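Enquirer: Show me how the following folds:
(chains A and B)
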Amino acid sequence: MWLEEDIPSDAILYQRVHRKNLNAEGAPIPGAFRNTPNKQDGMSTDWEKYSTPSETRSRARNPSDNVVIALPVGKVREIEGQTIQHTPVNPGPDTLPNRAHTDVFGEKTTEARLKFLQIYQTELS
Amino acid sequence: MSRTLTDYWAASPFLRRVDPADWWKPEEADFSQPSKTENSEIPDRPRLLRPRLFGIEIPSALEHVADAIEKSRYILDLPSDWDEEGSPSYAHETWERAVKFMLQNVAELWRCERVRVQAPAIHHGPAASIDILWKTQSRDLLINVPPALNQPATYYGINQTTGIETKGNLDTSASNEWLLVWIAAK
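Expert: The predicted structure follows:
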């Protein structure tokens, strides 16, 4: 069983962005930064310690419909109201295991979403 | 030669014949005053030829904004669960509230001050809201219009050069040209 770990501020989080959340230039729109409605109400990402960008993309239902962006942990922590928690998904009957899984909790306000837009970098287009 | 009633009407100095096809057109062109625009290289159409969007007149100088609105109509075609993560679809009322609010302020700013803002990017936001994003060389501004009509819009802007922020709530039924003046400033 994987335990939760502390994530250092110099780490990187990888996030999948569906193509419907990209603009005409292939960049994420502000709406890409949101909490997942039906789960823990956090924004799902993968910690680079346990995942590569390709592996993050491969976990999507349709991987080719997704790009992968990188979010520096230190800069995410500077955004008001956002906290980062390593939430590994252990193997189970109904879940696909993911040791890298990390949630970014906090309300994704208008301010927060614009700040996410300012700190991301594209990893896999 | 006998004259008909129509002949008398045609000759009358008090009556003006109007083609029914012209009835829909607004008032006639006024060329009596020169345009005071700083963008004098943008020729303006005579008023009777200007299209309207949501009842708001669109001069030539603001066609790029009208184009951005047309591009955003894709939002209305997003179905429920479009992202396969439970996100809802978008109500026409929410989209109209957002684009009308933006257009009214852009048009008023042009009409009164001849300030022409660049076109924003209008996209679907979280939880059935609408995002309006401006990114200029020095400033970024995001306005979010929620689906609940009685809730205010929210905005956040930052001057990348000075780091000065502006944020708060907006009444979308009120004039908020000051925010567009802010984004248009150099």
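Enquirer: So which bits of chain B are right by chain A?
Expert: Within chain B, the residues that sit near chain A (C-beta under 8 Å from any C-beta of the partner chain) are B:78, B:82-87, B:121, B:123-127, B:131, B:133, B:140, B:142-144, B:154-156, B:158, B:167. Every residue, glycine included, has its C-beta placed from N, CA and C.
Enquirer: run the last query once more with 6 Å
Expert: Neighbours of chain A within chain B, by C-beta under 6 Å from any C-beta of the partner chain: B:83, B:85-86, B:123-126, B:131, B:142, B:144, B:154, B:156, B:167.
Enquirer: Where is the longest helix in chain A?
Expert: Looking across chain A with DSSP state H, the single longest helix is helix A:110-119.
Enquirer: what does that helix rub up against?
Expert: A:30, A:33, A:75, A:79, B:142, B:144, B:154, B:156, B:167 (C-beta atoms under 6 Å, 6 or more residues apart in numbering or on different chains).
Enquirer: at 7 Å instead, please
Expert: A:28, A:30, A:33, A:71-72, A:75, A:79-82, A:106, B:140, B:142, B:144, B:154-156, B:167 (C-beta atoms under 7 Å, 6 or more residues apart in numbering or on different chains).
Enquirer: Name the residues of that helix that come out as buried.
Expert: Of the residues in helix A:110-119, A:110, A:111, A:112, A:113, A:114, A:115, A:116, A:117 count as buried by neighbour count, 16 or more other C-beta atoms under 10 Å in any protein chain shown.
Enquirer: JSON lines for those, including pLDDT and distance to residue A:101?
Expert: As requested, the buried residues of helix A:110-119 are exported to JSON lines (pLDDT from 0 to 100; distance: C-beta to C-beta, whole Å):
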{"residue": "A:110", "pLDDT": "98", "distance to residue A:101": "27"}
{"residue": "A:111", "pLDDT": "98", "distance to residue A:101": "26"}
{"residue": "A:112", "pLDDT": "98", "distance to residue A:101": "21"}
{"residue": "A:113", "pLDDT": "98", "distance to residue A:101": "21"}
{"residue": "A:114", "pLDDT": "97", "distance to residue A:101": "26"}
{"residue": "A:115", "pLDDT": "97", "distance to residue A:101": "23"}
{"residue": "A:116", "pLDDT": "98", "distance to residue A:101": "18"}
{"residue": "A:117", "pLDDT": "97", "distance to residue A:101": "23"}
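Enquirer: Do a quick rundown of the helices in chain A.
Expert: Using DSSP H, helices in chain A cover A:53-58, A:73-77, A:110-119.
Enquirer: a markdown table for those helices, including distance to residue A:18?
Expert: As requested, the helices of chain A are arranged in a markdown table below (distance: least, C-beta to C-beta, whole Å):
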| stretch | distance to residue A:18 |
| --- | --- |
| helix A:53-58 | 11 |
| helix A:73-77 | 20 |
| helix A:110-119 | 15 |
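Enquirer: how about the strands in the chain?
Expert: Using chain A here. For chain A, the strands defined by DSSP state E cover A:12-18, A:43-47, A:66-72, A:83-86, A:101-105, A:121-124.
Enquirer: Chain B, not that one
Expert: Going by DSSP E, chain B shows strands at B:52-53, B:56-57, B:121-124, B:130-135, B:139-145, B:153-159, B:165-170.
Enquirer: And those strands: which comes nearest residue A:64?
Expert: strand B:121-124 (21.3 Å; C-beta to C-beta).
Enquirer: ok, residue B:151 - how many residues close by?
Expert: By other C-beta atoms under 10 Å in any protein chain shown, the residues close to residue B:151 number 12.
Enquirer: Report the separation between it and chain A.
Expert: 13 Å (C-beta to the nearest C-beta, to the nearest Å).
Enquirer: what does stretch B:139-151 rub up against?
Expert: Under C-beta under 7 Å, 6+ apart, the answer for stretch B:139-151 is A:30, A:110, A:113-114, B:91, B:93-94, B:97-98, B:101, B:125, B:128-134, B:153-160, B:170, B:172, B:183.
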